[in-house]
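Participant: Mind folding the following:
(chains A and B)
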Number of protein chains: 2
Amino acid sequence: MKLQRHPANPILKPNPLNEWEALNVFNCGVVHHNELFHMFYRAQGVDYVSRIGYAVSSDGVHFNRLREPVLSPQDEWETRGVEDPRVTYLADEGRFIMAYTAYSPLGITPMFAESANLITWRRIGPLLKGEDNKDHVLFPRKIAGRYVTFHRRPPSIWIARSDDLEHWEDFQVVMEPRTDGWDCNRVGGGGVPIETEHGWLVVYHAYDYDHVYRLGVVLLDLDDPTQVIHRPKEPIFWPQEPWELHGDVPNVVFSAANPAVGGTVYVYYGGADRVIGLATCRLDELVAFALSG
Amino acid sequence: MKLQRHPANPILKPNPLNEWEALNVFNCGVVHHNELFHMFYRAQGVDYVSRIGYAVSSDGVHFNRLREPVLSPQDEWETRGVEDPRVTYLADEGRFIMAYTAYSPLGITPMFAESANLITWRRIGPLLKGEDNKDHVLFPRKIAGRYVTFHRRPPSIWIARSDDLEHWEDFQVVMEPRTDGWDCNRVGGGGVPIETEHGWLVVYHAYDYDHVYRLGVVLLDLDDPTQVIHRPKEPIFWPQEPWELHGDVPNVVFSAANPAVGGTVYVYYGGADRVIGLATCRLDELVAFALSG
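Facilitator: Below you'll find the model as predicted:
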């Protein structure tokens, strides 16, 4: 089982005509809504401050981007950037939640923001403050009456729960690095978990002691996502193309988006922290692999 | 009574970095939906082919535009361009209707297209073919069970009705040029009519024998919009700024959008067929003027 790169890759590149996205465009959240793929991508100019741009597509491959970012640093917690957006649609509420990482000399802060229109975002607040924590992404519905989010306390994937997206509690570890192989050093969540009849299908990233980032898949229990149903041994994607091996950070494929549309999983990923690529697979094949791979 | 220019004018200018909008950006439709102003603007490169671009704003003044157009010429009826979009939200149906003008050596054709997401548009078809007809705009709801649209058979504003937006019938004249003054030569519809308790509030454009384009207002009967309730003598807006007096076509303020948001009417207009301006007024004051001006 391996994701297939799209022949149009990389599908989004830095735009030297816009200062804020002149150097790197990479980790992105993508939500499919109203027959459109809405992409929120991390972008950097030569000052390395991250902003979040918006691009839209009807086919998931060819994106039309807005000239100005939709989220930019706002306060002293964000002076070095807003990073790694992951966007969840809460269908029951008709609103979108963006999980992003605020970065400043004060540290990194896993943040949440909300929007009803995908363009204007209101900050809700942090998941927590004062520790190295990121790679958070909200589940697409409440579980047992509460919102659930992934986050990462190094080196593992954790979970937290909330009644209101403001106050978070019941922090529990979900999944740790394995003792050897591609996911032996650190693991972190990918895009929004996909609900299937077999469990939550989760694409995650990991790196080893050579700092090579790869993607894997795991299946979690629907009612208690701290319970791993199955975790295949092998990764489903790893750096091979020149623009995945070389860029701002070498040997990186990092995904924050895996929307399932029409039976296909669209895995968007940052390539070497410089460009955005797309790799796909059939949803049923990914579920089969997650169950028994 | 006169519209007030916004101090940020012109609010949209040609972008020399994008070939398709390098020369002129002007007549635009604007629909306010989900707390955003969605603008669809006519743009020309140096080849003078018109395409329709999209820009979005939370305050109605500062717009963030997509890099690529959302509607481009598609068939032999549109080889010279797609022009003058006017966008109506049919709230009862949750869909948007764009009225635009197709232009080619075969002639000009008043067209309709529809969208559920404002980005991807499906052509419905023409209002009619084979005559000089444009300046059409759909009313925001059915009247007496049928869709109603303005259109222009020179030199007057006409109306037509339809059950399905495809087949149009009951063509009737609404309003003709007056015998002298600013609207003595031709008149044509503006943006989507605003429903008020006193009638349909309609901003329209006109030009005189000097080809100076001005804007006026008229109030039409809610149940039978061919019936003029009152038509003030004086215009509400006319070219004064350098970029309204000089541009691709001199002495033009041409509006295809007048959304009413929070008690304010936002009149967007093309200035001399080169830039986009914004002028505003209070809705209650415009109604009062339309009733008795």
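Participant: where does chain A come near chain B, residue by residue?
Facilitator: Selection of chain A residues close to chain B by CB under 8 Å from any CB of the partner chain yields A:17, A:34-36, A:56, A:58, A:64-68, A:70, A:116-117, A:119-120. For every residue, glycine as well, the C-beta is placed using N, CA and C.
Participant: Test for you: state the pLDDT assigned to the residue nearest the centre of chain A.
Facilitator: Note on chain A: the residue nearest the mean C-alpha position is residue A:256, at 1.7 Å, using CA atoms, centre = their mean. Per-residue confidence (pLDDT) for residue A:256: 98.
Participant: for the one 3 residues further on, same thing?
Facilitator: For residue A:259, the model assigns a pLDDT of 98.
Participant: Helix or strand for the closest residue to it other than its chain neighbours, just tell me which one.
Facilitator: Using CB to CB, 6 or more residues apart in numbering or on different chains and skipping the chain neighbours, the partner closest in space to residue A:259 is residue A:32 (4.5 Å). Residue A:32 belongs to strand A:24-33 when elements are defined using DSSP states H and E.
Participant: Likewise for residue A:285?
Facilitator: According to DSSP H and E, residue A:285 maps onto helix A:283-292.
Participant: of all the residues of chain A next to chain B, which two lie farthest apart?
Facilitator: Farthest-apart pair in the residues of chain A next to chain B is A:17 and A:116; separation 30.8 Å (CB to CB).
Participant: neighbour-wise, which of the residues of chain A next to chain B leads?
Facilitator: Tallying neighbours with other CB atoms under 10 Å in any protein chain shown puts residue A:65 at the head of the residues of chain A next to chain B, with 23 neighbours.
Participant: what kind of secondary structure is it in?
Facilitator: strand (DSSP: H, G, I helix; E, B strand; the rest coil).
Participant: List the contacts of it.
Facilitator: With contacts defined as CB atoms under 8 Å, 6 or more residues apart in numbering or on different chains, residue A:65 is in contact with A:12, A:15, A:53, A:54, A:55, A:56, B:66, B:67.
Participant: Let's have those residues in TSV, adding pLDDT and distance to residue A:269.
Facilitator: Below are those laid out as TSV (pLDDT from 0 to 100; distance: CB to CB, whole Å):
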residue	pLDDT	distance to residue A:269
A:12	98	11
A:15	97	19
A:53	98	16
A:54	98	18
A:55	98	15
A:56	98	19
B:66	98	23
B:67	97	22
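Participant: Determine which two of those residues are furthest apart.
Facilitator: Distances among the contacts of residue A:65 were taken as CB to CB; the most separated pair is A:15 and A:56, at 15.4 Å.
Participant: So for residue A:212, what's the nearest residue that isn't a sequence neighbour?
Facilitator: Sequence neighbours aside, residue A:251 is the residue nearest to residue A:212 in space, at 4.4 Å (criterion: CB to CB, 6+ apart).
Participant: give the contact list for that neighbour.
Facilitator: When contacts are counted by CB under 8 Å, 6+ apart, residue A:251 touches A:210, A:211, A:212, A:213, A:239, A:244, A:245, A:272.
Participant: Could you rerun that using 10 Å?
Facilitator: Residues counted as contacts of residue A:251 (CB atoms under 10 Å, 6 or more residues apart in numbering or on different chains) are A:207, A:208, A:210, A:211, A:212, A:213, A:214, A:238, A:239, A:244, A:245, A:272.
Participant: Closest one to chain B out of these, please.
Facilitator: Nearest to chain B among the contacts of residue A:251: residue A:272, at 23.6 Å, using CB to the nearest CB.
Participant: For burial, what's the neighbour tally of the residue nearest to that closest one when sequence neighbours are not counted?
Facilitator: Distance criterion CB to CB, 6+ apart; nearest residue to residue A:272, sequence neighbours excluded, is residue A:247 at 2.6 Å. For residue A:247, the neighbour count with other CB under 10 Å is 20.
Participant: Need the three-state assignment for residue A:247.
Facilitator: Counting by three-state DSSP, the backbone at residue A:247 sits in coil.
Participant: go on, residue A:93?
Facilitator: The three-state assignment at residue A:93 reads coil, by three-state DSSP.
Participant: Give me the distance between it and residue A:31.
Facilitator: Computed with CB to CB, to the nearest Å, the distance linking residue A:93 and residue A:31 is 14 Å.
Participant: Looking only at neighbour counts, state which of those two leads.
Facilitator: Neighbour count, other CB under 10 Å: between residue A:93 and residue A:31, residue A:31 has more, with 22 against 12.
Participant: Kindly format the C-alpha coordinates of the host helix or strand of residue A:85 as PDB.
Facilitator: If you go by DSSP H and E, residue A:85 is part of strand A:81-90. Only the C-alpha atoms of strand A:81-90 are listed here, as PDB (Å, rounded to 0.1, in the frame of the first residue of the first chain):
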ATOM      1  CA  GLY A  81       4.100  33.200  12.600                       C
ATOM      2  CA  VAL A  82       0.900  31.200  12.500                       C
ATOM      3  CA  GLU A  83       1.600  27.700  11.300                       C
ATOM      4  CA  ASP A  84       0.300  24.300  10.100                       C
ATOM      5  CA  PRO A  85      -3.500  24.900   9.800                       C
ATOM      6  CA  ARG A  86      -5.800  21.900  10.000                       C
ATOM      7  CA  VAL A  87      -9.400  22.700   9.200                       C
ATOM      8  CA  THR A  88     -12.400  20.600  10.500                       C
ATOM      9  CA  TYR A  89     -16.000  21.100   9.400                       C
ATOM     10  CA  LEU A  90     -18.400  20.600  12.300                       C
END
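Participant: Which elements pack onto the next helix or strand after that strand?
Facilitator: The helix or strand immediately downstream of strand A:81-90 is strand A:95-104, counting by DSSP H and E. If you count contacts as 3 or more CB pairs under 10 Å, 6 or more residues apart in numbering or on different chains; DSSP states H and E, strand A:95-104 packs onto strand A:24-33, strand A:36-44, strand A:50-57, strand A:81-90, strand A:107-115, strand A:122-126, strand A:134-138, strand A:147-153.
Participant: Show me what counts as buried in the very next helix or strand once past the last one.
Facilitator: The reference is to strand A:147-153. Later in the chain than strand A:147-153, the nearest helix or strand by DSSP H and E is strand A:156-162. Neighbour-count burial for strand A:156-162 flags A:157, A:158, A:159, A:160, A:161, A:162 (criterion: 16 or more other CB atoms under 10 Å in any protein chain shown).
Participant: Looking at these, which one is closest to chain B?
Facilitator: residue A:162 (25.1 Å).
Participant: confidence score at the closest one?
Facilitator: Looking at residue A:162, its pLDDT reads 98.
Participant: partner strands of the strand holding residue A:32, parallel or antiparallel?
Facilitator: Strand pairing for strand A:24-33, using DSSP bridges, gives strand A:36-44 (antiparallel).
Participant: Any idea how far the strand it pairs with is from the middle of the chain?
Facilitator: 11 Å (CA atoms, centre = their mean, to the nearest Å).
Participant: now the angle between strand A:50-57 and that strand, please.
Facilitator: Counting by axes from the mean of the first three to the mean of the last three CA atoms, to 10 degrees, strand A:36-44 lies at 150 degrees to strand A:50-57.
Participant: so where's the stretch 151-293 of chain A uncertain?
Facilitator: Of all residues in the stretch 151-293 of chain A, none has pLDDT under 70.
Participant: right, and residue A:134 touches residue A:99 too?
Facilitator: Yes. Using CB atoms under 10 Å, residue A:134 is in contact with residue A:99, at 9.1 Å.
Participant: quick one: which of those two has more around it?
Facilitator: The residue with more neighbours, out of residue A:134 and residue A:99, is residue A:99; 27 against 22, by other CB under 10 Å.
Participant: residue contacts, the more buried one?
Facilitator: Taking CB under 10 Å, 6+ apart, we find residue A:99 in contact with A:29, A:84-88, A:110-113, A:124, A:127, A:134-138, A:149-151, A:189, A:192, A:256.
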